[in-house]
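1. Coordinates for the following, if possible.
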Amino acid sequence: MLRTIVITVAAILTCVGIGLIASGVHTPGWQALGVGVIILIGTLFERWRYRRIEEPSNGRWQRTDEQFIDPSTGDPVEVMFDPRTGERRYVAGKSRGAKHPAP
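-> Residues are numbered from 1 along each chain as shown. You can find the predicted model right below:
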């Protein structure tokens, strides 16, 4: 919900910037356009970069030796690999008693 609102506001700000530039108000127009585009790119990049943690799946996915603790939840995460496509998937790992690895 919040993501949709942010994208909508950024798109409106981008359109306002384009409108201001088209009507001859250049400095505020470029500022509005720049801020709108930066927010749009950042919000869209965030969804692509930070993928959600999925449940383990069967089939062609193979477990790797990679494991880490999700910093936002403190839960273990394992990495799955599809050798056919090279895609990687992050799945909820098995709890091994402690939430954080020993130093």
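
2. does residue 43 really touch residue 3, like I thought?
-> Yes. Counting by Cβ atoms under 8 Å, residue 43 touches residue 3, with 6.4 Å between them. For glycine as for every other residue, the C-beta is placed from the backbone atoms N, C-alpha and C.

3. Settle it for me: which of these two has more neighbours?
-> residue 43 (16 against 11; other Cβ atoms under 10 Å).

4. Wasn't residue 90 part of a strand?
-> Yes. Counting by DSSP: H, G, I helix; E, B strand; the rest coil, residue 90 falls inside a strand.

5. Kindly tell me how buried it is, as a neighbour count.
-> The burial count for residue 90: 17, using other Cβ under 10 Å.

6. Run through the bridge partners of it.
-> residue 79 (DSSP bridges).

7. these two touch, right, it and residue 77?
-> Yes. Checked against Cβ under 8 Å, the pair residue 90 and residue 77 is within contact range at 5.3 Å.

8. Spatially nearest residue to residue 7 (excluding sequence neighbours)?
-> Spatial nearest neighbour of residue 7, excluding adjacent residues (Cβ to Cβ, 6 or more residues apart in numbering): residue 43 at 5.6 Å.

9. element containing the one you found?
-> Secondary structure assigned from DSSP states H and E places residue 43 in helix 26-49.

10. Parallel or antiparallel, list what pairs with the very next helix or strand once past that helix.
-> Per DSSP H and E, the first helix or strand lying C-terminal to helix 26-49 is strand 62-69. Here strand 62-69 has these sheet partners by DSSP bridges: strand 76-81 (antiparallel).

11. and the strand it pairs with, how far from the chain's centre?
-> Centre-to-centre, strand 76-81 and its host chain are 17 Å apart (Cα atoms, centre = their mean, to the nearest Å).

12. between it and strand 88-92, how big is the angle?
-> 150 degrees (axes from the mean of the first three to the mean of the last three Cα atoms, to 10 degrees).

13. In PDB, please show the C-alpha coordinates belonging to strand 76-81.
-> The C-alpha trace of strand 76-81 is given here as PDB (Å, rounded to 0.1, in the frame of the first residue of the first chain):
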ATOM      1  CA  PRO A  76      17.900 -18.000   9.000                       C
ATOM      2  CA  VAL A  77      17.800 -17.900   5.200                       C
ATOM      3  CA  GLU A  78      19.100 -20.400   2.700                       C
ATOM      4  CA  VAL A  79      20.000 -19.900  -0.900                       C
ATOM      5  CA  MET A  80      18.500 -22.200  -3.600                       C
ATOM      6  CA  PHE A  81      19.900 -22.500  -7.100                       C
END
